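> Build me a model from this:
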Amino acid sequence: MAQIAKPSADNNDGTWLNSMGNNTDLYSYINQGISSPQDSTYINGQNTARFKIDSLNDPDPSANSGLLTIRIQNGSFASMLPALYQDTTLIWEDAFAKSISPGSFTNVTWTIPAADGDNITDWTDLYIQIDEQGGSNVTISEIQLDFLGDGGGGGGGSAVSDFIRFENGCMSDFRGMVNIRG
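Numbers count the residues shown, from 1 in each chain. As a prediction, the model looks like this:
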């Protein structure tokens, strides 16, 4: 079963502001989850911000891959470079920032490879860092981290996909992390 983590505290606000126009409790404006987004509450800014995320149980060691989804709206072309930290240790960052086209809110998803997830030793001390690389303000309404595994208990179960995602001609199944490129 996948574990879901959302922002639970601010760590570094940078130049980001919430939809009320201040930098108080930014995390509470972006933690409703991708399945029930609240686009009327958001953060807006550029450059770097960092958020503590919910504690996770150590997932099944054979399935430490994950998905980071950020719900973004952009008025001009921007480029987002996310990273996952355990305290101050970099666990994963996207090798190439994804370009975000102007328009309405869009879910943008990055895959965290199992080889990187395997480096996590304390699942209660994780942070998501966002870094807008394009020099323009972006608006974010949700951030969600999904990790595979059963949370350390039980076992078994079937390899059934929770969802299938199509992006840039690529089909990805969440649990099996199958990528079919066309």
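
> and Ser40, how many neighbours?
8 (other CB atoms under 10 Å). From N, CA and C alone the C-beta is placed, and that goes for glycine too.

> shift numbering so it begins at 28
Understood, numbering begins at 28; the last thing we discussed is Ser67.

> Which pLDDT value does the model give the nearest residue to it once chain neighbours are set aside?
Closest residue to Ser67 apart from its sequence neighbours, by CB to CB, 6 or more residues apart in numbering: Ser46 at 7.1 Å. pLDDT for Ser46: 96.

> can you check Ser103 too?
pLDDT, Ser103: 73.

> Please determine how far the nearest residue to it once chain neighbours are set aside is located from Thr116.
In this structure, Ser103 finds its nearest non-sequential neighbour in Ser163, 4.8 Å apart by CB to CB, 6+ apart. Ser163 sits at a distance of 30 Å from Thr116 (criterion: CB to CB, to the nearest Å).

> repeat for Thr75
Counting by CB to CB, the gap from Thr75 to Thr116 is 17 Å.

> What of Ile167?
Ile167 sits 24 Å away from Thr116, going by CB to CB.

> More neighbours: which of those two?
Higher neighbour count among Ile167 and Thr116: Ile167, with 24 against 13, using other CB under 10 Å.

> Do me a favour and average the pLDDT over the strand or helix carrying the more buried one.
Assessed by DSSP states H and E, Ile167 sits inside strand 165-174. For strand 165-174, mean pLDDT is 94.

> With stretch 53-66 instead?
95.

> got the CA coordinates for it in CSV?
Coordinates of each C-alpha in stretch 53-66 appear next as CSV, following Å, rounded to 0.1, in the frame of the first residue of the first chain:
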residue,chain,number,x,y,z
LEU,A,53,2.9,28.3,4.2
TYR,A,54,2.6,24.5,4.6
SER,A,55,-1.1,24.8,5.6
TYR,A,56,-1.9,26.3,2.2
ILE,A,57,-0.5,23.3,0.3
ASN,A,58,-1.3,20.2,2.3
GLN,A,59,-4.8,19.1,1.3
GLY,A,60,-3.5,16.5,-1.1
ILE,A,61,-3.7,15.9,-4.9
SER,A,62,-6.9,13.9,-4.7
SER,A,63,-8.8,16.8,-3.2
PRO,A,64,-6.9,20.0,-4.2
GLN,A,65,-7.8,23.3,-2.8
ASP,A,66,-6.7,25.7,-5.5
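
> Sweet, I'm off.
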